[in-house]
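Trainee: Need the 3D shape of this:
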Amino acid sequence: MISQFFHAWERRLVAVDTNRLVRPFEWGLDWIDAEPGPDETSGRRFEQFADRAMSDPDWFTAAPCQDYSLQGDVLTFPSAETTPHPENNTVRLRYFPAEQKPDRRRATLVLPQWNSDPEAHVGLCQLLARVGISALRLSLPYHDDRMPPELERADYIVSPNIGRTLHANRQAVLDARRAIAWLAATGYERIGILGTSLGSCLAMLTAAHEPLVKAAALNHISPYFADVVWEGISTKHVRDGLAGSIELDQLRRCWLPISPQPFIERMRKTPTLLVYARYDLSFPVRLSRQLVRDFRTHEIPHQVTVMPCGHYTIGKTPFKWLDGYTLVQFLRRHL
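Mentor: Numbers count the residues shown, from 1 in each chain. Next up is the predicted model:
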């Protein structure tokens with residue numbers, strides 16, 4: 001009865017957004033600098049590219065940046081990746097310095113969920129600042145002021161265009177690493193990262209490749225990017241665009257470089273909080289439990305919290321308070 005209640009509530013909350021578009025399938029080989037060909041040839045080329053990306057230690061490495069600009073509470077700098085959309089090429093963040101002086105040594109980079117609005121996670125950032133941890137909220141690629149005018153939703157970061165999705169999520173990780181470099185240059189010695197939903201996936205990828213990250217709080221989890229898109233109710237319109245053009249096994253291989261599972265071993269030195277929701281229909285619970293098992297199998301230091309709600313209902317009272325408290329307390333302990 002409880003699961004039926006939450007599942008019905010989740011579906012009602014998903015149905016609020018009526019502007020989800022089913023976009024056509026595209027390999028998007030132009031996003032990975034590969035010549036297009038027949039579907040089978042394009043698929044093989046993409047899988048080969050994914051294999052090369054997985055074995056390239058610098059694929060998630062951003063060149064150093066000197067062009068940071070802080071105006072009031074807004075930090076901007078050029079993205080390490082240039083896209084055809086000028087708005088998306090400038091990274092935008094909001095800075096919430098810790099209220100408790102003189103402790104400027106602790107900071108957390110916050111990555112909100114897919115299709116978050118500009119105010120998403122601002123309350124969480126303010127809470128972190130109140131307890132002595134400065135917060136830096138990153139607008140993900142194609143979100144907020146980075147959204148091209150032809151979009152109503154941040155479709156370009158998760159879509160049936162295989163190459164663009166890969167490119168956009170890599171861009172997010174490179175942006176996050178540049179943001180962390182700014183925090184370190186500003187004088188922060190203990191830097192954490194916090195991500196929710198899509199932001200959780202990106203936060204783990206960042207933590208796995210950025211040695212400056214000392215703790216990671218991951219809010220909604222899955223080992224594989226493709227499986228969430230394929231099974232989650234939030235991404236049904238994306239799955240509809242993929243249908244008939246690619247199967248899950250191949251999609252998983254193509255998007256493996258932006259999935260957490262291959263990088264679990266790299267989290268060995270990073271205390272990690274894994275949070276999932278018991279009645280989640282967007283990040284299916286079996287996927288969340290699989291990532292927890294993977295952490296246990298590899299004996300990676302971690303803490304698990306299971307929220308008694310769903311993916312969307314975690315943003316409702318009282319669950320949002322319980323979730324926020326769990327995330328903030330973990331970061332207070334480990335930073």
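Trainee: In terms of pLDDT, where does the residue nearest the centre of the chain sit?
Mentor: Among the residues of the chain, the one closest to the centroid is residue 199, at 2.2 Å (C-alpha atoms, centre = their mean). The model reports residue 199 with a pLDDT of 98.
Trainee: which residues touch it?
Mentor: 110, 111, 112, 113, 114, 116, 140, 219 (C-beta atoms under 8 Å, 6 or more residues apart in numbering). Heads up, the C-betas are built off the backbone N, CA and C, glycines and all.
Trainee: Output those residues as JSON lines; include the columns neighbour count and secondary structure.
Mentor: Below are those laid out as JSON lines (neighbours: other C-beta atoms under 10 Å; DSSP: H, G, I helix; E, B strand; the rest coil):
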{"residue": "110", "neighbour count": "27", "secondary structure": "strand"}
{"residue": "111", "neighbour count": "30", "secondary structure": "strand"}
{"residue": "112", "neighbour count": "27", "secondary structure": "coil"}
{"residue": "113", "neighbour count": "23", "secondary structure": "coil"}
{"residue": "114", "neighbour count": "21", "secondary structure": "coil"}
{"residue": "116", "neighbour count": "20", "secondary structure": "coil"}
{"residue": "140", "neighbour count": "27", "secondary structure": "coil"}
{"residue": "219", "neighbour count": "29", "secondary structure": "strand"}
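Trainee: where does this protein have low pLDDT?
Mentor: Low-confidence segments of the chain, defined by pLDDT under 70: 34-40, 101-104.
Trainee: Which parts of it are strands?
Mentor: Along the chain, the segments classed as strands by DSSP state E run 69-71, 74-78, 90-96, 106-111, 134-138, 190-196, 213-219, 272-277, 302-307.
Trainee: And these: which comes nearest residue 332?
Mentor: Evaluated with C-beta to C-beta, those place strand 106-111 nearest to residue 332, the distance being 8.5 Å.
Trainee: Strand 213-219 and that closest one, what's the angle between them?
Mentor: 40 degrees (axes from the mean of the first three to the mean of the last three C-alpha atoms, to 10 degrees).
Trainee: Helices of this structure, start to end?
Mentor: Secondary structure of the chain, counting by DSSP state H: helices at 2-15, 39-55, 122-130, 162-186, 198-209, 225-231, 236-242, 248-254, 285-297, 319-334.
Trainee: Select, out of the strands of the chain, the one closest to residue 21.
Mentor: strand 190-196 (23.4 Å).
Trainee: Mind giving me the packing neighbours of the closest one?
Mentor: For strand 190-196, the elements it packs on are strand 106-111, helix 162-186, helix 198-209, strand 213-219, helix 319-334, judged by 3 or more C-beta pairs under 8 Å, 6 or more residues apart in numbering; DSSP states H and E.
Trainee: and the gap between the residue nearest to the centre of the chain and residue 147?
Mentor: With distances taken as C-beta to C-beta, to the nearest Å, residue 199 is found 16 Å from residue 147.
Trainee: Residue 316 - how many residues pack around it?
Mentor: Look at residue 316: counted by other C-beta atoms under 10 Å, it has 13 neighbours.
Trainee: got a list of contacts for stretch 43-52?
Mentor: Contacts to stretch 43-52, defined as C-beta under 8 Å, 6+ apart, come from residues 27, 29, 32, 34, 37, 162-163, 166, 246, 250, 253-257.
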